[in-house]
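Enquirer: I'll drop the sequence and a predicted model, then ask my questions.
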Amino acid sequence: MKKNIAIIMGGYSSEYEISLKSGQVVFETLNPERYAAFRIHIFKNKWVYVDTENNEFPIDRNDFSVTIGTKKINFDCVFNAIHGTPGEDGFMQGYLDLLNIPHTSCGMYQAALTFNKRDCLSTLKPYGIKTAASYYINQGDLVDEDNIVSKVGLPCFVKANRAGSSFGVTKVYKKEDIKQALDIAFKEDDEVIIESFLDGTEVSVGVITYKGEVKALPITEIVSNNDFFDYKAKYLGESQEITPARLTREQEEKVNKVAKQVYEVLRMKGFSRSEYIFKDGEPHLLEVNTVPGLTKASILPQQAAAAGISLSELFENAIEEALVND
């Protein structure tokens, strides 16, 4: 009998359009002979099932079900394709866990922790994970530009602490520009992380649980045509994403080891994609994504393809892992 799979997409953040694309790819890819797939749009003002004619049916949030005509449909598993809040920060995970509905993403705590860049990096540092020098500031705090520059140097990156897809990120070259960069970051979040600039090769490493084992996928090298790997570089083709990355065997082994360590230390499940920059031959962690982009052009699917894993195998494995581990 077919499993009913709810593919949740959209969300409440600036990333909702990318999420809708990811969710649509999952919907089009899942084998209809094995799964009955349902597109579920999650927005602040509505949670709805959207059928192939684009008719909308409200989700009953009491049990995450949908009624179509006289038929009530419950879901065997939720495929999480929401980038940002509430799909990547723990809220949906907690809600689904309370309802005992299996889902493809990591646990509530892991999602909340990794979505908070400051807390995640602080948690991993005692395990020897190298990171950039950083400075934390909250909205309303006194801004001491001299103190910031003495701690992280110039150029530096000013980042919204809890945002994805490079929203709220500015590369700052002059002390006088820090204030404006903070204003941009505070539009996305009321917490900011300011990090030193690491000049080196940037790579992205996908780690997944595949057929019961933690597996590091082939590494992607990021070469941005812009000043850094910003939104345009990520989504508008203004970068080169080279898989497998042009690394030495030693570099490859080092970053794979660190990426798997991060996954295991944090007790992750499902997909993860972590970003690193090599400085003095050592990979320095930038951030961890737990609901990475899933379109055909996205990095994780590219890495899976290089490992000989098709999109359908990647997505269906995620569902089967969720069902087994529930």
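Expert: Nice, thanks for sending it over.
Enquirer: Longest helix in the protein, by number of residues?
Expert: In the chain, assigned by DSSP state H, the helix with the most residues is helix 249-265.
Enquirer: Tell me the buried residues in stretch 101-116?
Expert: Using 16 or more other C-beta atoms under 10 Å as the test for burial, stretch 101-116 gives 101-108, 110-116. For every residue, glycine as well, the C-beta is placed using N, CA and C.
Enquirer: May I have the distance across that stretch, first residue to last?
Expert: 25 Å (C-alpha to C-alpha, to the nearest Å).
Enquirer: Also stretch 295-303?
Expert: 12 Å.
Enquirer: Check what contacts it and list those residues.
Expert: Contact with stretch 295-303 is made by 18, 21-22, 25, 204, 206, 208, 217-220, 241, 243, 271, 273, 292-294, 311, 314, as judged by C-beta atoms under 8 Å, 6 or more residues apart in numbering.
Enquirer: And stretch 169-189, by the same measure?
Expert: 14, 137, 139, 143, 145-146, 148-149, 154-163, 167-168, 192, 194, 197, 227-228, 230.
Enquirer: Which among those count as buried?
Expert: 14, 137, 148-149, 156-163, 167-168, 192, 194, 197, 228, 230.
Enquirer: now, which of the buried residues of stretch 101-116 sits nearest residue 324?
Expert: Nearest to residue 324 among those: residue 102, at 8.8 Å, using C-beta to C-beta.
Enquirer: how about the closest one, what does it touch?
Expert: 76, 77, 78, 96, 322, 323, 325, 326.
Enquirer: Around residue 270, how many other residues sit close by?
Expert: Applying other C-beta atoms under 10 Å, we find 23 residues neighbouring residue 270.
Enquirer: so who does it touch?
Expert: Neighbouring residues of residue 270 by C-beta under 8 Å, 6+ apart: 80, 104, 105, 106, 208, 209, 290, 318, 321, 322.
Enquirer: Which pLDDT value goes with the fourth one?
Expert: Looking at residue 106, its pLDDT is 96.
Enquirer: and if you look at the last one?
Expert: The confidence metric pLDDT takes the value 97 at residue 322.
Enquirer: and it, what are its phi and psi?
Expert: phi -60, psi -40 (degrees, to the nearest 10).
Enquirer: I'd like the distance between it and residue 76.
Expert: To residue 76, residue 322 is 9 Å away according to C-beta to C-beta, to the nearest Å.
Enquirer: So which of these two has more stuff around it?
Expert: Applying other C-beta under 10 Å to residue 322 and residue 76 shows that residue 322 carries more neighbours, namely 23 against 18.
Enquirer: thought the more buried one was touching residue 101?
Expert: No - the criterion here is C-beta atoms under 8 Å, and residue 322 misses it with residue 101 at 9.5 Å.
Enquirer: which one in this structure is furthest away from the centre?
Expert: The C-alpha centroid of the chain is most remote from residue 70, which lies 37.3 Å away (C-alpha atoms, centre = their mean).
Enquirer: That one and residue 59: what is the separation?
Expert: Noted for residue 70: a distance of 17 Å to residue 59, by C-beta to C-beta.
Enquirer: how long is stretch 62-76 end to end?
Expert: For stretch 62-76, the first-to-last residue distance is 16 Å (C-alpha to C-alpha).
Enquirer: actually stretch 298-318, not the one I wrote
Expert: Span of stretch 298-318 from end to end, C-alpha to C-alpha: 17 Å.
Enquirer: and that stretch, which residues are buried?
Expert: Residues of stretch 298-318 classed as buried: 298-305, 307, 309, 311, 314-318 (neighbour count, 16+ other C-beta under 10 Å).
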